[in-house]
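In: what would the 3D arrangement of this be:
(one chain, ligands or ions: 2)
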Amino acid sequence: MFKKATKTQIKLRLALTGPSGSGKTFSSLALASQLGKRIAVIDTEHGSASRYADLFEFDVVELESFHPNRYVKAIMAAQQAGYDVVVIDSLSHAWMGKDGELELVDRAKNSFAAWKDVRPLERALIDTMLSCKCHLIATMRSRTEWVVETKDRGKAEPRKVGTAPIQTQGIEFEFDVAGELNWQNTLTITKSRCPALSGQAFIEPGREVADILKQWLDNGVASPVVNEIEHHYPPLPANTEVTTNINQPGIALTDNPNRDTLKRVGQMTGHTSKHIAAIMEANFPGLKSDQLTQLEVKTVVDVMCIDAAVANGMEQAIAQTTFNEWLTLQPQELGNEELAAQWMSKQVKF
Ligand SMILES: Nc1ncnc2c1ncn2[C@@H]1O[C@H](COP(=O)(O)OP(=O)(O)OP(=O)(O)O)[C@@H](O)[C@H]1O
Ligand SMILES: [Mg+2]
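Out: Ligands and ions are numbered 1, 2, ... in the order given. I've put the predicted structure just below:
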């Protein structure tokens, strides 16, 4: 099932997020130019990359439709043509552009059912990016994230909790390295499998960042190949140990963990209703979702997280993604940093 990782397998998966003008396009091209000779740019922004054609050498394809499959085709084409680096500028259009995921769901009569069809398109795009034989840099626009908190006398107040890429929730965890650019063109690394970059910030990223990445790529070890790991629907395997502290006394997860919650987490982790039912049956035979207690719902969510983590070669990532989802579901109860920190300290071990 697993193959010995070799150096040549390691290709960069880098995500750059930021508002307009923060340097997503410029920095991608600057980094790509250091990482390889032949660069393919998938441009969704009407030739915006070509503004830099006098500074960097690259070939470009402009997408007219942002259906996830169009991205898949373009990435495959770049791979077949033997490019060293693929730049996707930007991936946000596959989410909220013409024919993007949100639009595909909007067009359907029943948006909940539509996600069932759209999620696999999203997964196919992510898998294509992850398995691409070229280095890959994807840019994403950022949005500001808010939670609604209930204050004294039940008054609801929104509070800014940070920024997130305009894409499916948790997308940044799919990448080896993810960073946020700001209006000063400073790149802050938010997630990194390359230890030398963790927690660092770089003004006008270019050669220095590329050199660190190159060194890591030359010496690093590839993660297991995603597609070769089968999904499995446990009882948990014998060697799985799950520890979590989210159910400590005083932490109200939710008073009414219900089917929708499980389905929404399932959408995120790639589990259909059928899969969720199988997990429930394996762990709590004979019980329906509305009969589950808070703790039991959390166990089912844990299993989904582990399952998705195993399938995707990820660990903490999924737990964090799930936490974000809880935030959206239960903002009054979970929209605070203390609880965020508690969930983040969740450990999933294999
Ligand atoms: N890494 C960098 N090094 C030097 N200058 C940079 C860098 N990144 C950005 N800049 C400067 O910032 C300008 C805007 O950057 P860029 O076009 O990449 O922004 P963007 O995030 O792609 O914006 P949009 O979302 O509108 O496409 C560039 O023209 C350049 O002058
Ligand atoms: Mg740009």
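In: dump the residue contacts of residue 287.
Out: Residues counted as contacts of residue 287 (Cβ atoms under 8 Å, 6 or more residues apart in numbering) are 280, 296. No exception for glycine: its C-beta is placed from N, CA and C like everyone else's.
In: quick check: it is in a helix.
Out: No: applying DSSP: H, G, I helix; E, B strand; the rest coil, one finds residue 287 to be coil, outside a helix.
In: what about it, distance to residue 263?
Out: 16 Å (Cβ to Cβ, to the nearest Å).
In: now do the SS call for the residue lying closest to residue 65 once chain neighbours are set aside.
Out: Among residues not flanking residue 65 along the chain, residue 99 sits closest, at 4.4 Å (Cβ to Cβ, 6 or more residues apart in numbering). When classified by three-state DSSP, residue 99 comes out as coil.
In: what's the local residue count around residue 99?
Out: 17 (other Cβ atoms under 10 Å).
In: just the element for whichever residue of the stretch 101-250 of the chain sits closest to ligand 2, please.
Out: The stretch 101-250 of the chain approaches ligand 2 most closely through residue 139 (6.6 Å), counting by Cβ to the ion. Using DSSP states H and E, residue 139 sits in strand 135-150.
In: I'd like the average pLDDT over that strand.
Out: Confidence for strand 135-150, expressed as mean pLDDT, is 81.
In: what of stretch 304-312?
Out: Here the average pLDDT along stretch 304-312 is 62.
In: check stretch 51-62 too.
Out: pLDDT averaged over stretch 51-62 gives 95.
In: got the end-to-end distance for it?
Out: Taking Cα to Cα, to the nearest Å, stretch 51-62 runs 13 Å from one end to the other.
In: quick check, that stretch touching ligand 1?
Out: No: Stretch 51-62 does not reach ligand 1 (Cβ under 6 Å from any ligand atom); its nearest approach is 7.0 Å.
In: buried residues, that stretch. List them.
Out: Within stretch 51-62, the residues that count as buried by 16 or more other Cβ atoms under 10 Å are 56, 58, 60.
In: just the ones of those in strands?
Out: Among the buried residues of stretch 51-62, the ones falling in strands (DSSP state E) are residue 60.
In: skipping adjacent residues, who's closest to the residue in the chain that ligand 1 sits nearest to in space?
Out: Nearest residue of the chain to ligand 1 (Cβ to the nearest ligand atom) works out as residue 23 at 2.5 Å. Once flanking residues are discounted, residue 23 sits nearest to residue 185: 4.1 Å by Cβ to Cβ, 6+ apart.
In: now that neighbour: phi and psi?
Out: phi 60, psi 30 (degrees, to the nearest 10).
In: cool, the one 10 residues further on as well?
Out: Recorded main-chain torsions at residue 195 are phi -60, psi -40, according to degrees, to the nearest 10.
In: the helix or strand residue 276 falls within packs against which elements?
Out: Following DSSP H and E, the helix or strand that holds residue 276 is helix 273-283. On a contact count with 3 or more Cβ pairs under 8 Å, 6 or more residues apart in numbering; DSSP states H and E, helix 273-283 meets helix 259-269, helix 294-312.
In: average pLDDT across that helix?
Out: Computed over helix 273-283, the average pLDDT equals 82.
In: equivalent analysis for stretch 27-42, please.
Out: Here the average pLDDT along stretch 27-42 is 97.
In: can you tell if that stretch touches ligand 2?
Out: No: judged by Cβ under 5 Å from the ion, stretch 27-42 stays clear of ligand 2, getting no closer than 8.3 Å.
In: okay, now that stretch: how far is its last residue from its first?
Out: With Cα to Cα, one end of stretch 27-42 sits 15 Å from the other.
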